[in-house]
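>>> could you work out the structure for the sequence below:
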Amino acid sequence: MHVPLEEDAEAAVLIARRIPVPVLVVRATTPRDTAKAIDRLAGVAAPLDVGLAIDSTSLTPIGSLVHFVESVEAPVGICLDFAAAAMGGRLIDTLEEVAEHLALARLPVEARSTGPRR
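Numbering: from 1, shown residues only. You can find the predicted model right below:
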């Protein structure tokens with residue numbers, strides 16, 4: 001599940017009471033506001049066994065995101081957007097950089113089907 005921090009992220013976490021949600025992906029705003037939101041959400045998410053991850057496109061460069069994840073007290077991972085990482089030509093380097101904190105991956109989907117034709 002993916003929600004911006006400006007939205008009611010706590011309500012999104014509570015959806016896990018009825019629908020299994022393994023990871024809630026949040027978009028970072030400023031590092032200070034994001035750290036406060038993650039600390040608040042962690043208290044709601046932990047009893048529901050919901051993990052938290054920061055969208056890799058919302059805090060750049062990727063090294064800053066890794067540093068942020070390592071500096072907050074609450075357990076939080078990274079949701080890596082493969083398309084965004086590949087655009088810079090650094091997909092392999094980015095994977096190596098975030099591997100320890102990778103919680104979820106967002107992969108590009110082709111617009112056309114590559115399945116068998118009739």
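>>> show me what counts as buried in the longest helix along the chain.
In the chain, taking DSSP state H as the definition, the longest helix is helix 31-45. Buried residues in helix 31-45, counted by 16 or more other Cβ atoms under 10 Å: Thr34, Ala35, Ala37, Ile38, Leu41, Ala42, Val44, Ala45. Backbone N, C-alpha and C define where each C-beta goes, glycine included.
>>> Provide a list of residues in contact with the nearest residue to the last one once chain neighbours are set aside.
It stands for Ala45. Nearest residue to Ala45 in three dimensions, chain neighbours excluded: Val13, at 5.0 Å (Cβ to Cβ, 6 or more residues apart in numbering). The contact partners of Val13, taken as Cβ atoms under 8 Å, 6 or more residues apart in numbering, are Val21, Leu24, Leu41, Val44, Ala45, Leu48, Val50.
>>> okay, Val13 and Asp49: tell me how far apart.
Distance, Val13 to Asp49, by Cβ to Cβ, to the nearest Å: 11 Å.
>>> quick one, helices of this protein?
Taking DSSP H as the test, the helices found in the chain are 9-14, 31-45, 62-71, 82-87, 91-98.
>>> what's the closest of those to Leu107?
Evaluated over the helices of the chain, closeness to Leu107 peaks at helix 82-87, with 5.1 Å, by Cβ to Cβ.
>>> gap between the closest residue to Arg40 other than its chain neighbours and Val76?
Excluding its sequence neighbours, the residue lying closest to Arg40 (Cβ to Cβ, 6+ apart) is Glu10, at 7.2 Å. Distance of Glu10 to Val76, given as Cβ to Cβ: 15 Å.
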